[in-house]
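Q: Structure for this input, please:
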Amino acid sequence: MQAASSSSIRTSVGVLEILERRRHLLLLLVIAFLVPRWAMQLTGDRLSGDELATARMAVNLVHHGILSNEYGPDPRETMYREPVPPVTAAAGVLLADSVLGEAPIEEYFSGERARYLKYHHVFWKALAVAGTYALIVALGAPWPAALAGALLLGTRPDLDTLNTELEAGALLAVGTAALVVGLRRRSIVPLAAAGAVFGLTALTKAAFLYVFVGLLAAVAAAMWLMPDDGGRRESPRRILASVAVLAAGFGVVTLPWMYRNYVKLDAFEISSRAGIVLHLRATHNRMTWDEYKGAFYVWSRPSLKPLVGAITGYDETDLAIGGRLQRLNRSGRGEIERIDLAAELAGKPEEALTYYREARAERVRLVAELGGRLDPRAAERAADRELARRAIDSMLAEPLRHLAMTVPLTWRGAPIYVPVLLIVLAYALKGGRRELLITAVLCTGFIAFYALFTHFEVRYSAPLKPLMGALAIVMLTEAWRLFSRRAGGPSG
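A: Residues are numbered from 1 along each chain as shown. Now for the predicted structure:
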């Protein structure tokens, strides 16, 4: 009996050793298994909103050799959207043209051509899965847990769109994994790679430029205040070198695009949407107390709305025309949307019924006003700068009111992530887990930036899914190890 038991144990150990050596192959098999599933999720549903900009830029890149958001036979350079998503989506345009032939740009906004444009998300999904696996392992969790985390992320149905959150999430996961490896191994190559990947993240979501500046400060502070896993303190020279390598990798990727925008468009920036976003955020600071309370109801997840409504005393009737929460209505349906959209297109903010359309209508009004003495693109840039100036002045004039608005906006964009991050931050600080702390600080900075400077729509926090999933898996494995040690069992 004992011999049989020993043989069984040896066999199990042998199988585990084989799996350990082949763990990366297992990851590739998981991705290969999921690829058909991802491809079947893609549809030809009509593109809308920000998806249209990505599609236009991808088609113009293939058909005219230029990254432009404009319609027409002779589009000019633009910088309204970031370049990475349309560059990879261009592969779908090439595929559609090879199968169906070249067509006018509008033909790529729905049907089979739109589905071909979405195929590039299969690549990004695979990269997100691999990056999540790498990050979980880099943070010290065992590879089976990392494989489980990657599989969970891989089964999320988030490919059937041309929005850019999937790309940003994949790059964040890969960049953070490289950063953790570089810091642990004290190696320049992974740090430079992390900087370059974070640069690509900024060329996917321009807001990450500012988050990255905060990340550099967080890395320097963590390296200065906390020893590594071996108890070694970092010298000022090594800290400076690490931050410099990260910044250099970032700059190598982002500066050529910013220089292109400076030469072509007289703007040393990644994209030109900052003004309207800041203006919309500042507009929300004008909320009444009724609207402030009601925002928690309006911005609740659907499953929580009945409970929050019962607590706050609001319901859907308050979002109708004349209702207490009319200005928070973003449903895009009915008479309120018809009036609102007409006000935006006419550039009449005083006739808009919601904060969202009021801010956008003001931009249309400014562009039209400036268009009398400037060319259209210059008018758009000037309007964007004016909106940004007004927004910043407004925020600085009432800083406490501005900070107060971050609470409902965080409830809107990242209600689940905040308590998880608080737990991770506390655990990392108490346990001296430097790289875990930096990862959590990166997520926290991302959320703080969007709450402070944007209207923080739900999808804005979607790029954090791989990082938050990795942190959750790591914390679960840490909890299991702690439980096993106290119970006197195996901790593997």
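Q: And this protein, split by domain according to the record?
A: Here the domain assignment for the chain is 42-118, 121-270+408-487, based on automatic domain parsing.
Q: Quick one: end-to-end distance for the last one.
A: This means domain 121-270+408-487. 45 Å (CA to CA, to the nearest Å).
Q: Could I get the average pLDDT for it?
A: Average pLDDT, domain 121-270+408-487: 94.
Q: Relative to residue 348, tell me which of the domains of the chain wins on proximity.
A: Residue 348 lies closest to domain 121-270+408-487 among the domains of the chain, at 20.8 Å (CB to CB). All C-beta atoms are positioned from the backbone trio N, CA, C, and that covers glycine.
Q: The stretch 151-300 of the chain: helices as residue ranges?
A: For the stretch 151-300 of the chain, applying DSSP state H, counting those that start in this stretch gives helices covering 165-185, 188-202, 208-225, 236-265, 274-284, 289-298.
Q: ok and the fifth one relative to helix 289-298, angle-wise?
A: Meaning helix 274-284. Taking axes from the mean of the first three to the mean of the last three CA atoms, to 10 degrees, one finds that helix 274-284 is oriented at 110 degrees with respect to helix 289-298.
Q: Other residues contacting helix 274-284?
A: Contact partners of helix 274-284, identified using CB atoms under 8 Å, 6 or more residues apart in numbering, comprise 206, 355-356, 358-360, 362-363, 383-388, 390-392, 394-395, 402, 405, 409, 452-455.
Q: Of those, keep whichever come out buried.
A: Among the contacts of helix 274-284, those classed as buried by 16 or more other CB atoms under 10 Å are 206, 355-356, 358-360, 362-363, 383-384, 386-388, 390-391, 394-395, 402, 405, 409, 452-455.
Q: one step back: relative to residue 29, which of the domains of the chain is closest?
A: Evaluated with CB to CB, the domains of the chain place domain 121-270+408-487 nearest to residue 29, the distance being 10.0 Å.
Q: gap between that closest one and the chain center?
A: Mean-position distance between domain 121-270+408-487 and its chain equals 10 Å (CA atoms, centre = their mean, to the nearest Å).
Q: Tell me the gap between stretch 53-66 and the middle of its chain.
A: From the chain centre to the centre of stretch 53-66 is a distance of 23 Å (CA atoms, centre = their mean).
Q: what's the spacing between the closest residue to residue 94 other than its chain neighbours and residue 75?
A: Spatial nearest neighbour of residue 94, excluding adjacent residues (CB to CB, 6 or more residues apart in numbering): residue 62 at 5.9 Å. The spacing between residue 62 and residue 75, counted by CB to CB, to the nearest Å, is 12 Å.
Q: which residues are in contact with the host helix or strand of residue 88?
A: Element membership of residue 88, judged by DSSP states H and E, is helix 84-100. The contact list for helix 84-100 (CB under 8 Å, 6+ apart) reads 54-55, 57-59, 61-63, 67, 103, 108, 112-113, 116-120, 123-124, 162, 164, 167, 200, 203-204.
Q: Buried by neighbour count: which residues of that helix qualify?
A: Residues of helix 84-100 classed as buried by neighbour count (16+ other CB under 10 Å): 84-86, 88-93, 96-97.
Q: Make TSV out of these and add distance to residue 283 and pLDDT.
A: Listed next are those as TSV, based on distance: CB to CB, whole Å; pLDDT from 0 to 100:
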residue	distance to residue 283	pLDDT
84	29	96
85	27	96
86	29	96
88	34	96
89	32	96
90	35	96
91	38	96
92	36	96
93	36	96
96	39	95
97	42	95
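Q: Out of those residues, flag the one nearest to residue 211.
A: The closest of the buried residues of helix 84-100 to residue 211 turns out to be residue 84 (CB to CB; 16.1 Å).
Q: quick one on the thing from earlier: list just the nearest of the buried residues of helix 84-100 to residue 133.
A: residue 88 (21.1 Å).
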